[in-house]
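[1] model this:
(one chain, ligands or ions: 4)
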Amino acid sequence: MIDQIDFNDENSNTSANPSFDSVLQARLSRRGLLRGSVGTVGTAMLGGLGVAACGDVAAAPAATLLGFSAVAKSLADTVTVPAGYTASVIYALGDPLTATTPAYKNDGTDTDFENRAGDHHDGMEWFGLDASGKPSTSAIERGLLAVNHEATTDETLTSFFIHANGGTATLPRPAVEVDKEIAIHGISVVEVKKTSGKWATVQSSAFNFRLTPLSDIELAGPARGNALLVTKYSTSGTRTRGTLNNCGTGKTPWGSFLTGEENWAGYFFRNSTDDTARNNDKSVTALKRYGRNQGAASRHGWQTGGTADKYARWDNSKLGTSTDGSDDYRNELNTMGYIVEIDAYDKTRTAKKRTAMGRYAHESASFSVPAVGKPLAVYMGDDARNEYIYKFVSAANWDAADASPISAMATGDKYLDSGKLYVAKYNNDGSGLWLELSISNPTIASYGGYVFADQADVCVNARIAADAVGATKMDRPEWSGVNPANGEVYFTLTNNSNRRVEPASASQLAPDSPNPRVYTDMKSATAQNGNPNGHILRMKEGAAGSAATSFTWDVYAFGAQTDADAAKVNWSNLTGDQDFSSPDGLVFSPYTGIMWIQTDDGAYTDVTNSMMLAAQPGQVGDGGKKTLSYTKTDGSTLSVDTYVGKAPTANTLKRFLVGAKDCEITGLCETPDGKAMFINIQHPGEGTKMADIADPTKYTSQWPSNAGYGAGKRPRTATIVITKNDGGKIGT
Ligand code: FEO
Ligand code: CA
Ligand code: CA
Ligand code: CA
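    Numbers count the residues shown, from 1 in each chain. Ligands and ions are numbered 1, 2, ... in the order given. Below you'll find the model as predicted:
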């Protein structure tokens, strides 16, 4: 869409594992054992997990679910919801967060973004407040929204919509532009309130705050204080500045906010001689594995903003003379890429990066259904082509007394700083294994590709440890979600342009069981190859539930356009009311049981803007095995076994919303009566050319000003609230 390097499309996993054959061999050797355990899974899990969830879900009789008329695909520059629903914009880029911050002019002259909404709202969670302003799990008319501000609409370095003339597209970048761009990243917390039936933010609320890439944050867990985290900013390796490229979210069972740092690597810079300066030591191996080659351009060139330390930190070259990195920012990249825990209710509490959960391109963090006396599992994806799916299992067992939202950060220390980190390996018989990433595993300790020093090194370089154990490379794992009714875990796999029947390079992969499709989809006259429309995988844990080291899996649904070949592409038989591409956000409503699917698409956007669908999914194993045959150029056949869930019906999957032009739909939270839903319309108009900044008629979107919200015509990412006109639950 935009003519530049795509910093959101990283592809650094050229590790040798696993070939299709090695997956097959592992499967053959373990088949009997796993099949033996699978039969007991259903009853064990339901017994352990079902009680609390059923109480919540029972409030909405299943027959009333998805009782709305499907929304048609659309290319209109508007947000469309079903008849009987209303969507209202409440919180857009630049909106003020203090009483004294001026209204957003939206002409590129606004400043003071530390006191305004950031850009590209992504994941989002709800934190209720009672009438007296105390944390509440039942409040339905007042609360806080904690919002990720992932990135910004940019072209050739500059975030052009926030600068008057589009900004400076050459290096060095002016400090005044860099300061604004840095401040629109991070997270915001904003109070929202319903008054006389209408939702709005509370501009003067004392709860409001921002965290930006310059905020002081603590490093917690196994890597805290490790040599890998020593920087000039924190010579003890215990703190860092800021959080960056915040994408998916999570909400802990104890009421804190989790934010995932996703495509952070591209913001940093290493000079063209840095590999030599580092003596080509193992840090170079790690930097390359995380997508930072020496000499590669940084996304915004923030390191050129001036000599001050806040600009210098974006240059990760080895520049100092110290042996430990305490005099430069050579280790700075090791302080990004975590799940960060934040107390949304209390801005005075320092946020913590939970290093035990591993460092990679984090998307969301979804919890297993808490069961008293059992550990908590947290499911997480690494969103880059050919990356992995992870699970963290807490060392501490869940204590229902911790469900209180008070002292959230201390409770986070208890559950998120010690535990086991696993990576998923999928076998082609529908089973799978969680492989522990532990320094005591000889396969990791003696890995030839990288010498791990300790468990901190394993957490910081989790991708490399996952390479070592032979995890399965996936089609870009995005959000995960746990079905509260049965504990099954869903992962969106958004797409992968690097699947090929006959891989031609180390970055290409043959189709395999969990990523079985390779096809060509036409977008107007452009051929899109690999798995352009993505799919949604789901997993059922073994008998040990959250602590299980084996699981079964199938594919809930494959994205496709409805008229695609049903034998080769549209395997889930999606109708015109259901067809979607590039699933990304995935959230189960605890109040209705509906699974909401959101798309961030570029493949089907010749036909429709990105969308949100409501689903009533079945369960792992409700469909069947499918064997695919691909013909190679030499005439031989590649056969792939996969498992496809029962095709959705008109009553179990339905399009609920279509967004504005060029947007992504992301983030979802609700009031605890299920009657107000908040979602984000991210980057409308991102296909606009910077050269057209002075001519609003050439913007590809003018949303939300064309919906009557705010000044100016420049498109703005925004939060909307959706309500049902009859006051009912959303999606019923
Ligand atoms: Fe920020 Fe993977 O989406
Ligand atoms: Ca197409
Ligand atoms: Ca995403
Ligand atoms: Ca996006």
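[2] per-residue confidence at the residue in the stretch 151-300 of the chain positioned nearest to ligand 3?
    Residue nearest to ligand 3 within the stretch 151-300 of the chain (CB to the ion): C247, separated by 5.0 Å. Backbone N, C-alpha and C define where each C-beta goes, glycine included. For C247, the pLDDT comes out at 98.
[3] A356 now?
    For A356, the predicted pLDDT is 99.
[4] burial count for the nearest residue to it once chain neighbours are set aside?
    Spatial nearest neighbour of A356, chain neighbours left out: G221 (3.9 Å); criterion: CB to CB, 6 or more residues apart in numbering. G221: 23 surrounding residues under other CB atoms under 10 Å.
[5] which residues of the stretch 51-200 of the chain score low on pLDDT?
    51-63 (pLDDT under 70).
[6] and the residue in the stretch 201-350 of the chain that ligand 4 sits nearest to, what does it touch?
    The nearest approach of the stretch 201-350 of the chain to ligand 4 comes at C247, 8.4 Å away (CB to the ion). By CB atoms under 8 Å, 6 or more residues apart in numbering, C247 lies in contact with D122, G123, N148, E150, G260, E261, E262, N263, H362, E363, S364, D383.
[7] Would you confirm that it belongs to a strand?
    Yes - checked against DSSP: H, G, I helix; E, B strand; the rest coil, C247 lies within a strand.
[8] how much space is there between the residue lying closest to it once chain neighbours are set aside and P514?
    Closest residue to C247 apart from its sequence neighbours, by CB to CB, 6+ apart: E262 at 3.7 Å. Distance, E262 to P514, using CB to CB, to the nearest Å: 22 Å.
[9] residue contacts, the residue in the stretch 501-650 of the chain that ligand 4 sits nearest to?
    Distance from ligand 4 to each residue of the stretch 501-650 of the chain (CB to the ion) is smallest for D600, at 4.8 Å. Taking CB under 8 Å, 6+ apart, we find D600 in contact with E478, T494, S582, D584, G585, S610, E664, I665, T666, Q682.
[10] of those, closest to I342?
    Checking these against I342 by CB to CB gives T666 as the nearest, at 18.3 Å.
[11] what is the closest one paired to in the beta sheet?
    N680 (DSSP bridges).
[12] can you offset everything so residue one is 5?
    Okay, residue one is now 5; in that scheme the one you just asked about reads as T670.
[13] circling back: cross the contacts of C251 against strands and list the overlap.
    Judged by DSSP state E, the contacts of C251 include D126, G127, N152, G264, E265, H366, E367, S368 as members of strands.
[14] From start to finish, how long is stretch 269-285 in a straight line?
    19 Å (CA to CA, to the nearest Å).
[15] sorry, back to before: in this structure the residue nearest to A360 contacts R363, no?
    No - between G225 and R363 there is no contact under CB atoms under 8 Å: 10.5 Å.
[16] For the closest residue to T656 other than its chain neighbours, list the residues it contacts.
    Excluding the flanking residues, the one nearest T656 by CB to CB, 6+ apart is Q620, at 4.5 Å. Applying CB under 8 Å, 6+ apart to Q620 gives the contacts A66, L69, L70, G597, I598, M599, N655, T656, L657.
[17] any idea how far Q620 is from D677?
    From Q620 to D677 the distance is 20 Å (CB to CB).
[18] Now name the helix or strand holding the residue in the chain that ligand 3 sits nearest to.
    Distance from ligand 3 to each residue of the chain (CB to the ion) is smallest for D588, at 4.2 Å. Following DSSP states H and E, the helix or strand that holds D588 is strand 587-592.
[19] Any idea how far that strand is from the middle of the chain?
    9 Å (CA atoms, centre = their mean, to the nearest Å).
[20] what do you get for stretch 693-709?
    Per CA atoms, centre = their mean, the centroid offset for stretch 693-709 relative to its chain is 28 Å.
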